[in-house]
Structures are given as C-alpha cells and as structure tokens.
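# any chance you can model this:
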Amino acid sequence: MVSFKKRLKVNLIIFFGLLLGVLFFNNLALADDVNVTWAQLSNEQRQVLNPLASEWDTLRPWQREKMLDIARDYPKMNSGKQDLVQKRLSNWSRMTPYERENARKKHQQFQLLSADKKNELRKKWMEYRELSEVERAKLRGESPETYTDADLN
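Alright, predicted model coming up:
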C-alpha cells in the first residue's frame, strides 16, 4: 500500500506540473495575441483601433499589447471615456514618430512629478483651455517652446 506522504508528493508534483503547463501555454497565447495582424483582429477590435489601421502591422509588440488592452476595456467605458479614447487614438495616429517620442518623454516626466506639481499643471492646463483661440494663439506665439503640444489634447 502506498503511503499518504508518497501520494501527497505525487499529487503535488502533478499539480505543479499542470500549473506550470497552464502558465506556459497562457504566456504563449499572450505572445500570439501581440503578434496578431490587423486582418486577424476581431471586428470589435478593428472598430475601436481603426485610427491605427494603416500602421498596426508595424507596431512593436508592447504597443500592440497596450492597444489590445484598450480595445478589451472599451465596451466597459462610458460614452465620454470612449470619445476620449477615440480622440487620443486619432491624434496619436497623426503624429510623427518624433512627436510620439516627445509625447512619451513628457508623459514620463509628468509621472515623476509630485502630486502637488501635477495638480498645479492640471490647473494651468484647464485655465489655458478656457482661453479663446485668439488668446491661445497669442500665448503660443510668445512662447512656442512651452505651447508646442497645446492643441493635441
């Protein structure tokens, strides 16, 4: 008769083997997801990610993964958030690689700021957005290095 300890050991080995197999195959599936071509996306994914259609097949895997996450969460968003996502995807698709890299760097810099500094910048941004187009143009003309991306949001 097989001892309880021996059966437990065998069952644990089988359990962990199955667990590793599931994790391994799950990671393979994720890798396949980020390598999916535009034609392989579902109709719902293509509809959400349509602004990126012409460049989808050239995106890096981490970029595709991020976009697929957005498409997955999109149906759960309220209409205001969905509109914002569409606007940002459209703006992003019109940017040059240089502009995109600058946007990434600015975002990273912003994330490193203290909460107080972030709130101060948000307040200034809201004040800027409330200005008339004439006043905005005047500010951009006076300080182009400060207001280069002002019309992207």
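# can we go C-alpha only for contacts and neighbour counts from here?
Fine.
# please enumerate the helices of this protein.
Under the criterion DSSP state H, helices of the chain are mapped to 4-34, 43-48, 61-73, 79-94, 97-112, 115-130, 133-142.
# from Val36, how far off is Ser42?
Plainly put, Ser42 is 10 Å away from Val36 if you go by Cα to Cα, to the nearest Å.
# ok, the two, which is more surrounded?
The residue with more neighbours, out of Ser42 and Val36, is Val36; 15 against 9, by other Cα atoms under 10 Å.
# how much space between the more buried one and Asp57?
Taking Cα to Cα, one finds Val36 at 8 Å from Asp57.
# and for Pro97?
15 Å.
# which one's more surrounded, these two?
The residue with more neighbours, out of Pro97 and Asp57, is Asp57; 15 against 11, by other Cα under 10 Å.
# next, the closest residue to the more buried one other than its chain neighbours: phi, psi?
Nearest non-adjacent residue to Asp57, counting by Cα to Cα, 6 or more residues apart in numbering: Thr37, 5.7 Å away. Dihedral angles of Thr37 (phi, psi; degrees, to the nearest 10) stand at phi -80, psi 170.
# I'd say Thr37 and Thr58 touch.
No - contact criterion Cα atoms under 8 Å: Thr37 and Thr58 do not qualify, at 9.3 Å.
# those two: who's more crowded?
Set Thr37 next to Thr58 and count neighbours by other Cα under 10 Å: Thr37 wins out with 14 against 11.
# distance-wise, check that one relative to Gln108.
Thr37 is 29 Å from Gln108, by Cα to Cα.
# ok, now Arg94?
Taking Cα to Cα, one finds Arg94 at 21 Å from Gln108.
# quick check: domain ranges of the protein?
Structural domains assigned to the chain are 1-34, 38-94, following automatic domain parsing.
# if you average pLDDT over the last one, what comes out?
It stands for domain 38-94. Domain 38-94 carries an average pLDDT of 92.
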